[in-house]
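J.: Here is the input, now give the coordinates:
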Amino acid sequence: MKIKLTSKIALIMNKLTIGLLLPVSTIVPMSRDFEQGLKQALKDQVDQDCWEVEFIPEFIGQGSRLRVEESIDKLFSYYHADVVTGIVSNMTGMAVAPKFERYKKPFIMNNIGEHTPNPEWFNPYIFINSTHTWQQIWSLGYWAVKTFGNKGMFVGSVYDAGYSFNNMLRLGMQAASAESNLSFSIAQITPGAKTADPKTVFEHVELFQPDFIFSAFCGEEATAFQEAYTNADAKNIPLLALPFLLQNFDAKDHELEIYTALSSTALLSNGESGEVFQDQTFYQLGKETGMILADALKIVKDGDWVEALNQVKVDSERGVLHINSQKPGEDNQVYLVKNTHTGNRKHMRRAVIRRLETVAIDDQALSDSLQELSSGWENPYLGI
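T.: Numbers count the residues shown, from 1 in each chain. Model (predicted):
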């Protein structure tokens with residue numbers, strides 16, 4: 001698809017070709033939202049008399065390394081893209097980073113930070129725009145131990161367990177107390193079912209009696225978990241989660257209090273409440289990437305997009321964006337969000353409670369964990 005931002009009176013027309021890596025999701029329209037946000041920001045901010053912007057979409061399925069590598073080769077070898085962006089997990093991004101160094105072209109990688117990025121695997125051609133979920137979960141784990149006690153429990157499906165959520169929760173808990181202990185329960189899949197049955201985790205919750213629970217369910221499984229939680233004996237145990245747990249569900253006149261986190265460099269007042277969050281994570285990431293590229297267009301000289309991206313300074317709704325892949329999560333502030341959920345997520349009461357302790361990418365315990373052998377899904381979270 002090509003969008004021409006042109007004018008009949010333009011004397012000089014420059015061209016920017018953007019390759020898009022777009023995964024498929026059955027849970028949220030992540031790629032569609034990202035693409036819309038990107039195009040809207042460029043339309044709003046690019047000088048229409050000077051630049052023609054062309055978009056080349058490449059659909060990468062579930063975002064595996066092989067699929068992404070094939071798309072990168074096509075975008076650079078056939079379409080001669082100047083810049084590549086899109087939604088790719090840090091796991092896949094670390095694997096394909098050498099491709100961009102080989103082509104000497106930049107990649108603005110977007111994700112929610114489901115895998116902890118290891119700067120050693122990146123190079124100067126990789127830039128990361130992310131909500132850095134790995135950092136938020138560390139903060140929630142640290143706060144939960146300080147607030148509720150040393151015994152935490154991670155619950156989710158096999159799919160949800162294939163990311164860095166469990167490890168970052170454990171690291172945050174250990175930073176709060178060396179005596180902390182994290183147990184886990186993975187929901188069973190009934191033969192013939194397409195999704196896991198979250199009700200099966202409550203047997204282990206009853207057994208371990210944790211001080212708090214962290215849930216990584218999303219989509220249909222999130223709805224089933226919330227309904228089961230409201231009827232379980234464990235419903236008084238404090239519940240922490242990713243924001244994607246907050247699906248509509250049959251509350252049966254119950255209220256759920258669910259603690260999530262917001263990562264931002266923007267200044268937010270403690271106790272701020274109301275509809276301060278939009279369910280537009282991937283639209284926002286796309287919009288921010290468009291703002292980054294629009295700023296780079298004002299700076300770029302002689303087609304050196306890497307140098308231009310290194311000079312970009314964008315202040316978004318999340319605050320100042322730091323996209324340096326050597327310092328992911330730099331200067332982020334993490335805030336505790338209390339969600340009072342009565343079943344309809346459009347009418348939740350949400351309040352920013354306080355700013356939380358957080359972790360930097362060069363934290364020693366975190367750095368040590370990144371050197372350990374690990375495995376996990378290559379696709380971005382929700383990219384299924």
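J.: For P117, list the residues it contacts.
T.: Listed by Cβ atoms under 8 Å, 6 or more residues apart in numbering, the contact partners of P117 are N90, G93, M94, I128, W134, S325, P328, I361. No exception for glycine: its C-beta is placed from N, CA and C like everyone else's.
J.: So the fourth one sits against G329, correct?
T.: No: here I128 lies out of contact with G329, judged by Cβ atoms under 8 Å, at a distance of 9.0 Å.
J.: These two: which is more packed in?
T.: With neighbours defined as other Cβ atoms under 10 Å, I128 and G329 compare such that I128 has more, 26 against 23.
J.: and that one, that one's in a helix?
T.: No: with DSSP: H, G, I helix; E, B strand; the rest coil as the criterion, I128 is strand rather than part of a helix.
J.: what are the phi and psi angles of the residue nearest the centre of the chain?
T.: The centroid of the chain falls nearest to I112 when counting by Cα atoms, centre = their mean (0.6 Å). Per-residue torsions, I112: phi -90, psi 0 (degrees, to the nearest 10).
J.: what does stretch 372-384 rub up against?
T.: When contacts are defined by Cβ under 8 Å, 6+ apart, stretch 372-384 is touched by residues 23-28, 30, 62-65, 87-89, 91-92, 95, 111-112, 114-115, 133, 159, 162-164, 167, 218-219, 244.
J.: Of these, which belong to strands?
T.: I87, N111 (DSSP state E).
J.: Can you go through the contacts of stretch 372-384 and name the buried ones?
T.: Neighbour counting by 16 or more other Cβ atoms under 10 Å classes 23, 25, 27-28, 30, 62-65, 87-89, 91-92, 95, 111-112, 114-115, 133, 159, 162-164, 167, 218-219, 244 among the contacts of stretch 372-384 as buried.
J.: Tell me how far V84 lies from P198.
T.: Noted for V84: a distance of 37 Å to P198, by Cβ to Cβ, to the nearest Å.
J.: and these two? which has more neighbours close in?
T.: V84 (28 against 25).
J.: Let me see the ranges of the strands in the stretch 1-150 of the chain.
T.: 2-3, 14-22, 51-59, 83-87, 107-111, 126-130 (DSSP state E, counting those that start in this stretch).
J.: Distance to F225 for these - can I get that in a markdown table?
T.: As requested, those are exported to a markdown table (distance: least, Cβ to Cβ, whole Å):
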| stretch | distance to F225 |
| --- | --- |
| strand 2-3 | 41 |
| strand 14-22 | 29 |
| strand 51-59 | 30 |
| strand 83-87 | 25 |
| strand 107-111 | 23 |
| strand 126-130 | 25 |
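J.: which of the residues in stretch 330-337 are buried?
T.: Within stretch 330-337, the residues that count as buried by 16+ other Cβ under 10 Å are N332, Q333, V334, Y335, L336, V337.
J.: separation between F100 and E69?
T.: Per Cβ to Cβ, F100 is found 11 Å from E69.
J.: ugh, typo on my part, it should be N332
T.: Computed with Cβ to Cβ, the distance linking N332 and E69 is 30 Å.
J.: I189: neighbouring residues, count only.
T.: I189, neighbours per other Cβ under 10 Å, totals 15.
J.: And the residue nearest to the centre of the chain, what's its pLDDT?
T.: The model reports I112 with a pLDDT of 96.
J.: In helices, which of the contacts of stretch 372-384 fall?
T.: M30, R65, M91, T92, A95, T133, N167, G219 (DSSP state H).
J.: hang on, the third one packs against G113?
T.: Read it as M91. No: taking contacts as Cβ under 8 Å, M91 lies outside contact range of G113: 11.1 Å.
J.: Phi first, then psi, for A178.
T.: Taking degrees, to the nearest 10 as the convention, A178 sits at phi -70, psi -20.
J.: if we can go back for a sec, more neighbours: F100 and E69, which one.
T.: Neighbours per residue (other Cβ under 10 Å) separate F100 from E69, with F100 holding more: 23 against 16.
J.: Excluding chain neighbours, give the residue nearest to the more buried one in space.
T.: Once flanking residues are discounted, F100 sits nearest to Y125: 4.0 Å by Cβ to Cβ, 6 or more residues apart in numbering.
J.: Could you give the number of residues near that neighbour?
T.: Using other Cβ under 10 Å: Y125 sits among 21 other residues.
J.: could you redo the ones in helices among the contacts of stretch 372-384 as JSON lines and give each row pLDDT and distance to Q280?
T.: Output for these, formatted as JSON lines (pLDDT from 0 to 100; distance: Cβ to Cβ, whole Å):
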{"residue": "M30", "pLDDT": "95", "distance to Q280": "11"}
{"residue": "R65", "pLDDT": "96", "distance to Q280": "28"}
{"residue": "M91", "pLDDT": "96", "distance to Q280": "24"}
{"residue": "T92", "pLDDT": "97", "distance to Q280": "23"}
{"residue": "A95", "pLDDT": "97", "distance to Q280": "29"}
{"residue": "T133", "pLDDT": "96", "distance to Q280": "16"}
{"residue": "N167", "pLDDT": "95", "distance to Q280": "28"}
{"residue": "G219", "pLDDT": "90", "distance to Q280": "17"}
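J.: That's all I had, so thanks and see you.
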